[in-house]
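here is the input, now give the coordinates:
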Amino acid sequence: MPTIDDPIDFELFKNSIFSIADEMALTICRTTYSGVLRDNMDFSTAFADKNGKLVAQGLTLPAHLGSIPTALDVIVERFGSAMQPEDMYIMNDPFDGGMHLPDIFIFKP
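Got it, this is the predicted structure:
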């Protein structure tokens, strides 16, 4: 990731990636049929850089964020060379993602 020396540019960039993670969360809240997701916000959203490092999280529960890098590593390991910008990867394997079966990860390169 390039360095940003100007503090104003840095804040604009930082807030833009946090806004992306927040928009993901708001979209889930707006479109879900699940009361657990809508009312309790029992999910997490995050923005990762091209290396899979989490750089921003949404307004949701941070408890789930610890399992996202593990699940993302598995997806990159399996599909890395074939990934395209328009692809979506959905995963709920508790052995690879480190969470329990009802948890679903959705990744987009």
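
tell me how many other residues crowd residue 56.
18 (other C-beta atoms under 10 Å). Quick note: C-beta positions are derived from backbone N, CA and C, even for glycine.

now it: how far from residue 102?
With distances taken as C-beta to C-beta, to the nearest Å, residue 56 is found 25 Å from residue 102.

and residue 47, how many neighbours?
Residue neighbour count, defined by other C-beta under 10 Å, stands at 17 for residue 47.

three-state assignment of it?
At residue 47 the chain is in strand, as set by DSSP: H, G, I helix; E, B strand; the rest coil.

residue 66: neighbour count?
Neighbour tally, residue 66, other C-beta under 10 Å: 12.

I meant to write residue 72 there.
Using other C-beta under 10 Å, the number of residues around residue 72 comes to 21.

which residue is the nearest non-sequential neighbour of it?
Leaving aside its chain neighbours, residue 72 sits nearest to residue 52 (4.9 Å; criterion: C-beta to C-beta, 6 or more residues apart in numbering).

any idea how far the residue nearest the centre of the chain is from residue 60?
Closest residue to the average C-alpha location of the chain: residue 46 at 3.2 Å, with C-alpha atoms, centre = their mean. According to C-beta to C-beta, residue 46 and residue 60 sit 9 Å apart.

got it, and residue 45?
Distance, residue 45 to residue 60, using C-beta to C-beta: 6 Å.

from the contact counts, what lies against the helix or strand harbouring residue 69?
According to DSSP states H and E, residue 69 maps onto helix 68-79. Other helices and strands packing on helix 68-79, by 3 or more C-beta pairs under 8 Å, 6 or more residues apart in numbering; DSSP states H and E, are strand 46-48, strand 89-91, helix 94-97, strand 105-107.

can you give me the buried ones in stretch 90-109?
91, 96, 97, 99, 103, 105, 107 (16 or more other C-beta atoms under 10 Å).

beta partners for the last one?
Bridge pairing for residue 107 (DSSP bridges) gives the partners residue 89.

okay, it and residue 90: tell me how far apart.
8 Å.

could you do the fourth one as well?
According to C-beta to C-beta, residue 99 and residue 90 sit 14 Å apart.

the residue nearest to the centre of the chain and residue 54 touch, don't they?
Yes: in this structure residue 46 lies within contact range of residue 54 using C-beta atoms under 8 Å: 4.9 Å.
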